[in-house]
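Asker: this one's sequence-less:
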């Protein structure tokens, strides 16, 4: 697809639910680091599970030492996995479990796809070349 990769920058405080409610930490961007490049999955849309406004939430497949709210984060989106999905269930805990399972499945699929040569080369893109003087918090 000619629209990939899509690049964006900025981290803002999000809804406070990725880590707390789902045990899947996310970096949140408005609608629209250290130079290290990590794999990630991203949800862009209305998040029907939470019935909220449009957002972009990024789950980075890396464990960081601390939160990085307010830090500059460069993201390149290189592909598409699936459309948004609502998880229907009468019982809230089953609905949440289905959402977590879907995100974990997306993460596993993304890990495989991001190891393809055409995606690995994105790590060398000038977009990710950050001056060490511009990094904070050791990320």
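Answerer: Yep, that arrived. Here the structure is a predicted model, which is why all the values come from computation and not from measurement.
Asker: ok but residue 42 is inside a helix, no?
Answerer: No - going by DSSP: H, G, I helix; E, B strand; the rest coil, the assignment for residue 42 is strand, not a helix.
Asker: bridging residues for it?
Answerer: residue 58 (DSSP bridges).
Asker: Surely it touches residue 75?
Answerer: Yes - here residue 42 reaches residue 75: they are 7.0 Å apart, a contact under Cβ atoms under 8 Å. No exception for glycine: its C-beta is placed from N, CA and C like everyone else's.
Asker: okay, and the common contacts of these two?
Answerer: residue 58 (Cβ atoms under 8 Å, 6 or more residues apart in numbering).
Asker: Not counting sequence-adjacent ones, nearest residue to residue 118?
Answerer: Spatial nearest neighbour of residue 118, chain neighbours left out: residue 78 (8.0 Å); criterion: Cβ to Cβ, 6 or more residues apart in numbering.
Asker: Let me see the contact set for that neighbour.
Answerer: Going by Cβ under 8 Å, 6+ apart, the list of residues near residue 78 reads 4-5, 114, 118-119, 122.
Asker: In strands only, show me these.
Answerer: Among the contacts of residue 78, no member is found in strands (DSSP state E).
Asker: Going by distance to residue 61, which of those wins?
Answerer: Checking the contacts of residue 78 against residue 61 with Cβ to Cβ, the nearest one is residue 114 at 8.5 Å.
Asker: Grab the nearest non-local neighbour of that closest one.
Answerer: For residue 114, the closest residue by Cβ to Cβ, 6+ apart turns out to be residue 39, at 4.7 Å.
Asker: re the thing from before, neighbour-wise, give me the winner out of the contacts of residue 78.
Answerer: residue 114 (19 neighbours; other Cβ atoms under 10 Å).
Asker: for that residue, what are its contacts?
Answerer: For residue 114, the contacting residues are 39, 78, 120, by Cβ under 8 Å, 6+ apart.
Asker: okay if I get those as CSV plus distance to residue 67 and pLDDT?
Answerer: Listed next are the contacts of residue 114 as CSV, based on distance: Cβ to Cβ, whole Å; pLDDT from 0 to 100:
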residue, distance to residue 67, pLDDT
39, 20, 91
78, 26, 92
120, 28, 92
